[in-house]
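Student: following is a predicted model, sequence given first.
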Amino acid sequence: MITLFYLAGAIAIISTVAVIVQTNIVHALIYLILSLLAVAVIFYVLGAPFAAMLEAIVYAGAIMVLFLFVIMMLNLGQHTIDQERSWLSLRGWIAPTIMAGLLLTNFLYVMDGIDHGVEPTRVGVLEVSVLLFGPYVLAVELASILLLAGLVAAYHLAKKRD
Amino acid sequence: MNITLADLIPLQPLLIVTGTAVVTMLAVALKRSHGLTAGITVLGLLVATMVAAELMATANDQVTPLLIVDQYSLFFTVVVCAAAMFITILSYSYLAPLDDDKEEFYLLLGIATIGAVVMVSSNHFVSTVLGLETLSMSLYGMVAYPVHSAKAVKFPLEASVKYLVLSAAASGLLLFGMALVYAQTGTLAFADIASSAATAGMGTGFSVIGLLLISVGMAFKLSLAPFHMWTPDVYEGAPLPATSYLATIGKAAMFVVLLRFVVASNALAFESVVAVFSLLAVASILAGNLLALLQENLKRILAYSSIAHMGYLLIAIIASYDAEGAVSVEAVSFYLLAYVIMSLGAFAVVAALSSSDSEVDRVADYQGLFWRAPWLAAVFTAMLLSLAGIPLTVGFIGKFYLFFAGVEASLWLLLAALVLGSGIGLYYYLRIVYKMILPVPDSSALPNSAGSLGSHSVLALLLLLLIVLGVYPAPVMAIIESISTLI
């Protein structure tokens, strides 16, 4: 089990890095799908099959495939690849890399010495739904309001003027 | 802790605001009418304000683990709903000349108010995030609203994208911090964080990092320096009603959450958190006031001044750990009320002079306003003097309260920054007042007749509040004292 966890974690990290450094946007998106699937595997290993399923169906499945279709329809050619490549110049990388490296060392330093033991407890569909329709029912309602706000804003910004 | 029918009674203000948004949406679907939509929104917000004020005497309930409806949250529900109502009235004349559909703006404003009401009643991470995201999501739309208008004076889309990207990054930090705190304590409710601190060792491990990440995420939303970069650009690029919403309700709701979180979770027991908060406060006061000196655009000046005011407020938050009793909570509550009144008043004057196709927002444009429109100039002067903290205005009482809280906790260094900042602040506030007294130039951008009846009555009401609370603050102070003991 623990090998699977580290394997999926490594794949997730490598593919996320690949998303950033890829210059071809379609390749980058496919790496993103891979990264999301790897995270789904991590959820599964940690005992949350429902979260794993949602991650695979909603994120990797629906949203990313939609992204991929839109990008393919836009038909971006060599031009965007060159532009992406020009943005990935070494100079732009130096400062963020140093800062991120500092943060990482900081984080590792703090995490050092903490017991990393993980005991997976199964959180299935039943447990999630009992919470969602019990004490957290207001959260579900509020999430629908949040989506309404996004919908109205997107409708207004994206509509064509006649 | 499932929801029951009895739980719906304390939730009435929230339900009324939600109902307003839904009715607005249905009305837009049936018939597009600018006046009708604005009217429904104003009416709904007015009813919500009155119901919340009515409930304040009795309600004190935890409704499911997510929301707490006590006198404190109801007080700020009143503030949020009333301010949203004022902004709706201001939007009506501002949006009138817009050559695009105007109705969705009120819908977004209503939904943003739902988010703000949830935030002021939240004592749980889940409701904090949901309320915050609802508020921000509507604001993205409101900031970019005039994007289709050919005559849009500013750059709404640029402002909205900047706000969207930075706000999403801040939400990411906030969520990561919450996840770390949850990993350490196993709870998402504010109150349980402190009680589990003794057992699970809140001070050890990554929970302090979690607290710091949460503080940084909130500092982004409150535009505290050094996380303030987005503020002036977004304030300048957004249409005025959206700017005033962002500057008043957006900030106040976030600050109430921060206060509740800090007080309930005992986060200030850790020296590193206190150090970060103190740095944020000093940096915001100095950066906000010094950078405001260099600005020629009124919206940018108000943006930097809001950064400084958030820094002042943070002093009272830091004081809440050391000071005896609830004096610092009172100071924060009173100053938030004062800040909403004076900041909304200042934006309301600019909004009364502007419309969606011509914004009067350069300081130079205000030359001679005293001779052209004495009433607007008088209100503007009062608001600016209050922002500067001159006696007889609500701003002075508020600042005095903050100072008092700081003295109680003996935060001398922070108080020195407060005094220094207020001194610098005087200069750029009075510079605008001075500009208004100068004679009218030949090529004046000022319109001859400005503002609708609605916006003038909003101005009159805000001016009245500003002076009454500045001269005779005792009744409101009594209310704030009684609600602050509960938090």
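Tutor: Received the coordinates, thanks. Numbering: from 1, shown residues only, chains lettered A, B, ... in the order given.

Student: what's the closest non-adjacent residue to the residue of the stretch 351-487 of chain B found nearest chain A?
Tutor: Distances between the stretch 351-487 of chain B and chain A by CB to the nearest CB are smallest at residue B:356, namely 14.3 Å. C-beta: built from backbone N, CA, C; applies to glycine. Spatial nearest neighbour of residue B:356, chain neighbours left out: residue B:98 (4.3 Å); criterion: CB to CB, 6 or more residues apart in numbering or on different chains.

Student: helix, strand or coil for that neighbour?
Tutor: Residue B:98 carries the three-state label coil when classified by DSSP: H, G, I helix; E, B strand; the rest coil.

Student: which secondary structure elements does the helix-or-strand element of chain A with minimal mean pLDDT contact?
Tutor: The least trusted helix or strand in chain A, going by mean pLDDT, DSSP states H and E, turns out to be helix A:78-87, with a mean of 81. For helix A:78-87, not one helix or strand is in contact under the criterion 3 or more CB pairs under 8 Å, 6 or more residues apart in numbering or on different chains; DSSP states H and E.

Student: what's the following helix or strand after that helix?
Tutor: Per DSSP states H and E, helix A:78-87 leads on to helix A:90-111 as the next helix or strand towards the C-terminus.

Student: buried residues in that next one?
Tutor: Neighbour counts using 16 or more other CB atoms under 10 Å in any protein chain shown place residue A:110 of helix A:90-111 among the buried residues.

Student: and it, is it in reach of chain B?
Tutor: Yes - figure legend: helix A:90-111 in contact with chain B (CB under 8 Å from any CB of the partner chain); contacting residues A:107, A:110-111.

Student: just to revisit the earlier point, what is the burial count for the residue of the stretch 351-487 of chain B closest to chain A?
Tutor: Applying other CB atoms under 10 Å in any protein chain shown, we find 26 residues neighbouring residue B:356.

Student: likewise the one 4 residues further on?
Tutor: The local packing of residue B:360 (other CB under 10 Å) involves 22 other residues.

Student: hang on, isn't it packed against residue B:446?
Tutor: Yes - at 6.6 Å, residue B:360 and residue B:446 qualify as touching, with contact defined as CB atoms under 8 Å.

Student: quick one: common contacting residues for the two?
Tutor: B:353, B:366 (CB atoms under 8 Å, 6 or more residues apart in numbering or on different chains).

Student: OK, contacts around the residue of chain A found nearest chain B?
Tutor: Of all residues in chain A, residue A:153 sits closest to chain B, at 2.8 Å by CB to the nearest CB. Taking CB under 8 Å, 6+ apart as the definition of contact, the neighbours of residue A:153 are B:108, B:137-138, B:140-141, B:144.

Student: if we check chain A, which of the residues you listed are in contact?
Tutor: Filtering those for neighbours of chain A using CB under 8 Å from any CB leaves B:108, B:137-138, B:140-141, B:144.

Student: quick one: which of these is nearest chain A?
Tutor: Distances from the ones next to chain A among the contacts of residue A:153 to chain A were compared by CB to the nearest CB; the smallest belongs to residue B:141, at 2.8 Å.

Student: scan the ones next to chain A among the contacts of residue A:153 and report the most crowded one.
Tutor: Neighbour counts for those, by other CB under 10 Å, peak at residue B:138, which reaches 31 neighbours.

Student: look up the closest residue to that residue, ignoring the ones flanking it.
Tutor: Skipping the residues right next to it in sequence, residue B:138 comes nearest to residue B:112 by CB to CB, 6+ apart, at 3.6 Å.

Student: by contact count, what packs against the helix or strand harbouring the one you found?
Tutor: Element membership for residue B:112 (DSSP H and E) is helix B:103-120. Applying 3+ CB pairs under 8 Å, 6+ apart, one finds that helix B:103-120 contacts helix A:137-158, helix B:12-30, helix B:34-55, helix B:71-95, helix B:125-143, helix B:240-245, helix B:251-265.

Student: any idea which helix or strand comes after the third one?
Tutor: Moving toward the C-terminus from helix B:34-55, the next helix or strand (DSSP H and E) is strand B:61-63.

Student: what's in contact with the following helix or strand past that next one?
Tutor: Per DSSP H and E, strand B:61-63 leads on to strand B:67-69 as the next helix or strand towards the C-terminus. Counting contacts by CB under 8 Å, 6+ apart, the residues outside strand B:67-69 that touch it are A:138, B:10-11, B:14, B:55, B:59-63, B:73, B:118, B:121-124, B:127.

Student: tell me who's in contact with residue B:235.
Tutor: For residue B:235, the contacting residues are B:243, B:246-247, B:299-300, B:302-303, by CB under 8 Å, 6+ apart.

Student: at 7 Å instead, please
Tutor: When contacts are counted by CB atoms under 7 Å, 6 or more residues apart in numbering or on different chains, residue B:235 is found next to B:243, B:247, B:299-300, B:302-303.

Student: same question, residue B:156
Tutor: With contacts defined as CB under 7 Å, 6+ apart, the neighbours of residue B:156 are B:143-147, B:237-239.

Student: thought residue B:133 was touching residue A:147?
Tutor: No - taking contacts as CB atoms under 7 Å, residue B:133 lies outside contact range of residue A:147: 10.1 Å.

Student: what helix or strand is the residue in the stretch 251-400 of chain B that chain A sits nearest to on?
Tutor: When you check the stretch 251-400 of chain B against chain A by CB to the nearest CB, the closest residue turns out to be residue B:272, at 11.0 Å. With secondary structure defined by DSSP H and E, residue B:272 is part of helix B:271-293.

Student: I'd like to know which elements whatever helix or strand comes next after that helix is packed against.
Tutor: The element immediately downstream of helix B:271-293 (helix or strand, assigned by DSSP H and E) is helix B:298-322. With contacts taken as 3 or more CB pairs under 7 Å, 6 or more residues apart in numbering or on different chains; DSSP states H and E, helix B:298-322 sits against helix B:230-237, helix B:251-265, helix B:271-293, helix B:327-353, helix B:394-408, helix B:412-437.
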